[in-house]
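**Student:** Dropping a prediction and its sequence here:
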Amino acid sequence: MRVRSSFFASFCLVLEVLSVALFLRGFFPVPVKSSYSSKSKLSDLPAEPFTGSSPNLSKVPDPLFKRVVIVLIDALREDFVFGPNGRKYMPYTRHLVERGSTHSFVAKARPPTVTMPRIKALTTGSIPGFIDVVMNLNSPALLEDNLIWQAKTAGKRMVFYGDDTWVKLFPKHFMEYDGTTSFFVSDYTEVDNNVTRHLDSTLKRDDWDLLILHYLGLDHIGHISGPHSSLIQPKLMEMDDILKKIHGSLILKETEGALPYLLVLCGDHGMSETGSHGGSSAHEVNTPLVLISPAFKRKVGMEKPPTVEQVDLTPTLALGLGLPISQNSVGRLIQPVVEEASLRDQLRFLHLNGHQLSCLLKDSMPAYEKEEGYEQFRVAEKSHGNWLKLVVEGNTSEVLNNMGKKVLKQYLEALRVMSAALSKQMGKYDMYSMVVGVVLLLLLLLLAMPEALSGASEVDLPVSSALLSLPFYLLCLLLFSVHMLVCTSAESACYFCSLPWGLVFGAVALSSALLCILVSMAARKGTKPPGKSTPVSPSRASGGGWSLSELDILLLAGTAGHTLSLAASSFVEEEHQVWYFLLNTLCLVVFQDVCRKYFRERSANIGVIGCSEDEDCLPPSKEGYAVASPLTDFGVTGADSERWLALATPLLTLACCRLLRSLNQTGVQWVHLPDLGHWLNSSEHKTVLSLLAAMSLALIYFLVQRRCSWVSKIALALGLLGVYSYRAAVGNVMLPWQHSGGNMSKGTMKARFVYVFILGIFFTGSKDLLRSQVITADARLKSRGLWEIYSGVVLLVALLFRAHNLPVLCCCLLVQSLMAQFIWKKLHYDAAQTTIMHYWFGQAFFYFQGNSNSIATVDISVGFVGLESYVEAPAVFLTALSTYAGPLLWASHLICYLSSENRSSVAVGHGCYCLALLRSVPAAAYVVLVTALRYHLFIWSVFSPKLLYESMHTLLTAAICLFFTTMEQSRSSSRP
């Protein structure tokens, strides 16, 4: 069965996407949960560990607090309160920390540091799975045991105002609520005013027990302009005034003899130096936790706050309110909160916490009895029983008090060890689903690899012989038997086992077919007659054998070296350095090829008819078309000028890359260092940024419009003017008649104005493409349609890019134009070489944008350009498009370049094949690596985010290859 190489590549990539999805479902573990389906109840609490025959006491100690107010400020970094600027940012809060009746802590949040998983951690005490990053955009109701459910069951009256994620997680739990969307990041004023407007009336009432306020404005400012923005201080002072108002109201309502109040100030996560979050840097995971209550001792000065886990707040609040601890909580009681209670009550609190952790330990670890923390808890429990017996007998000696303090220390150490053991046991891997995904990936990769170096437009697959062979049916039976055995003997739930039998049988048949086809192809190659050989690309053949140039060796070694580097966490964190090095080396090798062509081989051209020493005589391209001088596009003529521009292209590319490296610091080690982007975004340099943005947009128009129709040229010009107007409206740049202190707006109408022109350009390009395929087989018309669609993508990216990143887009287009005109055409690089170079450039420009392998660098603010409210589908699409703009632009340029009228039809299919293979090799290798390293120390902070990036990149490449296939089909049908 012969199929086009592009179709085969697209088919393999689509199956790889499905395999990666199955692997992700098994790799991202289900968080540790109790095996009991019901939630904790007061009646299920253990009795005090009394030694003897006296009746035991099983009740929970009385609540410590009557009312609790939780003020959660999204993205509140600990240095905003405890740092040097704390007195300036939040003076009242800082005064309470230093002189008030408070306990202050640095609460450490676990990655992923995004809102929904953090709310889960605060309410359940569990560590959410990493896949909750994806669920953050659409939060389902939380069904597991949690603090909010326990409070509602106990009859606590709860009121909530703020982020509507709470309303989605806890529907029908609050007697009064008002949710605000958390994803419209352009708004940092109304989103907080909608919370504060309820405060005065709510604080005057006495019909509530728990008040939760979730403020989003600070997080939105961080996404817009970063933690050092001039907007940060006013927002924090606003939050400080709100805390002062709440605290004053609680003091006025305090009555003698009644239980005290508790005011909690906390953050769900921090904020990176770029203003985002999601990663594991210190600024993202360290949040302030300030507990304010008259039940605490008054401070006498600033002390360094100790560090606790964010999940420790859950059991602390539960016991403080007289509620059972959530079954799945891995947190431990913050002991200073209860230190003013009696020693018996303190030990009772710690015993309840230890019992809950020991039960969770039993459910998650088969050999729980050998765990150090469990043994320590049993020893502490026994000592507690002996101490309690003496207390009941009326012993009041000092020795008894010292014994009680010793038991307290034993409990605290046991809680620490058990909590740490449960935190490490974040979840249980679904190894069967992971193995099935890995096997399918490797089979697809091995199937595609033998054809990678072939320049043939078709791939011969022995499908019929494989499907009709006896080994195929035997393999199906064997694999199906293995599946039955695994699913019936598995101790834990397996996703692949839960799939319908039809899907399972399809996966088994596909695996068997792929293996049989692979074996048949290998056997066929081994028995091929000596006279026959596989077609080889002309640039690879030299005298009947293989000949690799320096460029070929670099491209192969660089691709393989990058794949191997993914096994090291440091190389994953600083992957941009690998691509910068490879790109610089590529430019030097290309420069060597240019010098060889125009100087060392120049003497060979002298003597050709019609050529002189002052002329550069170029042979026709290997596709058989005469090579037109590219200089006409740039307004330059003459062989000498062309020669020197060709020599300057690699050097100019090196200069552009060096400039772009200084624009955005990325990675982990040096991301905190100032860069050119920070300098441009400062308010005192807005004029410089405005001039740079205007120049970049003008150059973008010059580089893109050359291949467009006059209608698209007009739309492109107006669209780029709209881009600048939009950036001026949101306050990034200035208009000539605008004062520096002008009011900022959302710029929604201006962004929609640009969208109209983008859709117009897409319509014009699509019309030309359809005409070239349906009405007339015109290669030039098809080429113009592709370039117009490409120009529409460029305009969309220009709208989404931040103002200081417009030079990245400008340099991208400049390098593409120069390389296409003076390097790839003139040096006759084949489709494989050109594709690999495009892929390398795309990867490098991914990091030039300021991206990294941390989720914190995903700029979610671009998902709301032109939107008045949060709409999930366009927000996700725009965010993904902006994040992968570099690889997308270079892949789109590759399609346009290979589909141009002076290229052969084989080039498109072979380019698609090479692009699919370039994406498949690192994806398959990385899946194998993370399987082997699943217990690595940095598996969640380093390797898991990179796995999500690889998966998304593979999905994007599959979509591009499908477009490749369409272009090759239309080209094939247009040939006579």
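**Tutor:** That came through fine. Residues are numbered from 1 along each chain as shown.

**Student:** Count the neighbours of Glu176 for me.
**Tutor:** Using other C-beta atoms under 10 Å, Glu176 is surrounded by 15 other residues. Heads up, the C-betas are built off the backbone N, CA and C, glycines and all.

**Student:** I'd say it and Val159 touch.
**Tutor:** Yes. Under the criterion of C-beta atoms under 8 Å, Glu176 is in contact with Val159, at a separation of 4.7 Å.

**Student:** Give me the common contacts of the two.
**Tutor:** Taking C-beta atoms under 8 Å, 6 or more residues apart in numbering as the contact rule, Glu176 and Val159 both touch 202, 208.

**Student:** contacts for the helix or strand encompassing Val167?
**Tutor:** When elements are assigned from DSSP states H and E, Val167 belongs to helix 165-169. Counting by C-beta under 8 Å, 6+ apart, helix 165-169 makes contact with 115-116, 119-120, 123, 139-142, 160, 174, 177, 179, 182, 212, 214, all of which sit outside it.

**Student:** what does stretch 760-773 give?
**Tutor:** Contact with stretch 760-773 is made by 708-709, 711-712, 715-716, 719, 778-779, 781-782, 784-792, 795, 970, 973-974, as judged by C-beta under 8 Å, 6+ apart.

**Student:** dump the residue contacts of the residue lying closest to Ser10 once chain neighbours are set aside.
**Tutor:** Ranked by C-beta to C-beta, 6 or more residues apart in numbering and with sequence neighbours excluded, the top spatial neighbour of Ser10 is Cys961, at 4.3 Å. Neighbouring residues of Cys961 by C-beta under 8 Å, 6+ apart: 6, 9-10, 13, 912, 915-916.

**Student:** please redo it, this time with the cut-off set to 6 Å
**Tutor:** With contacts defined as C-beta atoms under 6 Å, 6 or more residues apart in numbering, Cys961 is in contact with 9-10, 13, 912, 916.

**Student:** ok, which pair from those residues is furthest apart?
**Tutor:** Farthest pair in these (C-beta to C-beta) is Leu13 and Cys912. Separation: 9.4 Å.

**Student:** Among the two, which residue is more densely surrounded?
**Tutor:** Using other C-beta under 10 Å, the more surrounded residue of Leu13 and Cys912 is Cys912, with 32 against 27.

**Student:** Would you mind confirming that the more buried one makes contact with Arg4?
**Tutor:** No. Counting by C-beta atoms under 6 Å, Cys912 does not reach Arg4; the two are 8.9 Å apart.

**Student:** so the residue nearest to Phe822 when sequence neighbours are not counted is in which element?
**Tutor:** Distances taken as C-beta to C-beta, 6+ apart put Ala646 closest to Phe822, at 4.1 Å, once the chain neighbours are dropped. Following DSSP H and E, one finds Ala646 within helix 639-663.

**Student:** Averaged pLDDT, that helix. What do you get?
**Tutor:** In this model, helix 639-663 carries a mean pLDDT of 88.

**Student:** got the buried residues for it?
**Tutor:** Within helix 639-663, the residues that qualify as buried by neighbour count (16 or more other C-beta atoms under 10 Å) are 639, 642-643, 645-647, 649-650, 652-654, 656-657, 660-661, 663.

**Student:** So Leu96 versus Leu289, what's the distance?
**Tutor:** With distances taken as C-beta to C-beta, to the nearest Å, Leu96 is found 13 Å from Leu289.

**Student:** Could I get the phi/psi values of the nearest residue to Val3 once chain neighbours are set aside?
**Tutor:** The shortest distance from Val3 to any residue that is not its chain neighbour, by C-beta to C-beta, 6+ apart, is 5.8 Å, and that residue is Val459. For Val459, the backbone dihedrals (degrees, to the nearest 10) come out as phi -120, psi 130.

**Student:** about what we covered before: return the distance of the residue nearest to Phe822 relative to Lys826.
**Tutor:** Between Ala646 and Lys826 the computed distance is 6 Å (C-beta to C-beta).

**Student:** CA atoms only: put whichever strand or helix holds Leu477 into CSV for me.
**Tutor:** Here Leu477 is covered by helix 470-489, with elements defined by DSSP H and E. Only the C-alpha atoms of helix 470-489 are listed here, as CSV (Å, rounded to 0.1, in the frame of the first residue of the first chain):
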residue,chain,number,x,y,z
LEU,A,470,-0.8,-15.3,11.2
PRO,A,471,1.5,-13.3,13.6
PHE,A,472,-1.0,-10.4,13.5
TYR,A,473,-3.8,-12.5,14.9
LEU,A,474,-1.5,-14.2,17.4
LEU,A,475,-0.3,-10.8,18.6
CYS,A,476,-3.8,-9.6,19.0
LEU,A,477,-4.7,-12.6,21.1
LEU,A,478,-1.5,-12.3,23.2
LEU,A,479,-1.9,-8.5,23.9
PHE,A,480,-5.6,-9.0,24.6
SER,A,481,-4.8,-11.7,27.1
VAL,A,482,-2.2,-9.5,28.8
HIS,A,483,-4.8,-6.7,29.0
MET,A,484,-7.3,-9.0,30.7
LEU,A,485,-4.7,-10.3,33.1
VAL,A,486,-3.5,-6.8,34.1
CYS,A,487,-7.0,-5.4,34.5
THR,A,488,-8.2,-8.3,36.7
SER,A,489,-5.2,-8.3,38.9
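
**Student:** Show me the contact partners of the helix or strand following that helix.
**Tutor:** Moving toward the C-terminus from helix 470-489, the next helix or strand (DSSP H and E) is helix 495-498. Identification of contacts with helix 495-498 by C-beta under 6 Å, 6+ apart yields 25, 430, 432-433, 436, 487.

**Student:** try stretch 469-477
**Tutor:** Stretch 469-477 is touched from outside by 466, 508-509, 512, 516, with contacts defined as C-beta under 6 Å, 6+ apart.

**Student:** Counting neighbours, go ahead and name the busier of Leu96 and Leu289.
**Tutor:** Per other C-beta under 10 Å, whichever of Leu96 and Leu289 has more neighbours is Leu289, with 25 against 22.

**Student:** For the more buried one, give me phi and psi.
**Tutor:** Dihedral angles for Leu289 - degrees, to the nearest 10 - are phi -130, psi 110.

**Student:** can you tell me how far it sits from Asp219?
**Tutor:** Separation of Leu289 from Asp219 (C-beta to C-beta): 17 Å.

**Student:** what do you get for Val435?
**Tutor:** Spatial separation of Val435 from Asp219 under the definition C-beta to C-beta is 40 Å.

**Student:** thinking again about what came up before, restricted to helices, list the contacts of Cys961.
**Tutor:** The helices in this structure, assigned by DSSP state H, contain 9-10, 13, 912, 916 from these.

**Student:** Help me confirm that the residue nearest to Phe822 comes into contact with Trp824.
**Tutor:** No. With contact defined as C-beta under 6 Å, Ala646 does not count as touching Trp824 (11.0 Å).

**Student:** So for the chain, which residue is the most central one in space?
**Tutor:** Ile855 (3.5 Å; C-alpha atoms, centre = their mean).

**Student:** Leaving out the residues flanking it, which one is nearest to it?
**Tutor:** When the adjacent residues along the chain are set aside, Ile855 lies closest to Gly278, with 3.2 Å between them (C-beta to C-beta, 6+ apart).
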